[in-house]
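**Q** I would like to see how this sequence folds:
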Amino acid sequence: MPGHKGWLLKANGDLAVARTGLTSPEPGALDTASFLCHQCAEKSLKAFLAFLHHEISKTHDLDRLLKICIEFEPLFQQLKTECSDLNFYALKARYPDDQFSIDQAEVTVALEKAAKVLTLTKKIIAERQHPNTRLF
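**A** Numbers count the residues shown, from 1 in each chain. Reported below is the predicted structural model:
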């Protein structure tokens, strides 16, 4: 099982590539960027579970993953809205869908939400690694 650092590396990469989608002239880049925001959040939560050496469910459901994380760390409750909102992009942005369209403003918001999930996860892990250093 990959360690938490591997999950965080992937989450960082997803967020970085999602940011490039904002200005890409490629058709479909915004869809992909929103999907990668979901992926960033998913991999962030899985990083926390890996840090705890907890079994990582084969799921893409952020609400489900968040619920497990909250059982071990109540601070994750702060991310309920972000995870619920980003969950939408797991399927809608992944596959062709004539009913789905997204603009730069919506992707910008998704990026902010994904970054918040990643940032809080990193802070929680860092604090658990070094409990005498308060990060909040």
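**Q** confidence score at H53?
**A** H53 carries a pLDDT value of 94.
**Q** tell me the SS of it?
**A** With DSSP: H, G, I helix; E, B strand; the rest coil as the basis, H53 sits in coil.
**Q** which intervals of the chain have sub-threshold pLDDT?
**A** 1, 132-136 (pLDDT under 70).
**Q** Tell me where it has helices.
**A** With DSSP state H applied, the chain shows helices at 4-21, 29-51, 62-72, 80-87, 89-92, 104-129, listed in chain order.
**Q** how about the closest residue to R19 other than its chain neighbours, what does it touch?
**A** Distance criterion C-beta to C-beta, 6 or more residues apart in numbering; nearest residue to R19, sequence neighbours excluded, is L111 at 6.2 Å. C-betas here are computed from N, CA, C, even on glycine. Applying C-beta atoms under 8 Å, 6 or more residues apart in numbering to L111 gives the contacts 15, 18-19, 22, 33, 37.
**Q** where's A18 relative to G3, distance?
**A** Taking C-beta to C-beta, to the nearest Å as the measure, A18 falls 23 Å from G3.
**Q** circling back: for the contacts of L111, please prepare TSV with the additional fields neighbour count and distance to H60.
**A** Listed next are the contacts of L111 as TSV, based on neighbours: other C-beta atoms under 10 Å; distance: C-beta to C-beta, whole Å:
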residue	neighbour count	distance to H60
L15	23	17
A18	25	16
R19	17	21
L22	13	23
A33	29	17
C37	30	13
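**Q** Any chance of CSV for those residues, columns distance to Q99?
**A** Listed next are the contacts of L111 as CSV, based on distance: C-beta to C-beta, whole Å:
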residue, distance to Q99
L15, 26
A18, 22
R19, 26
L22, 22
A33, 18
C37, 19
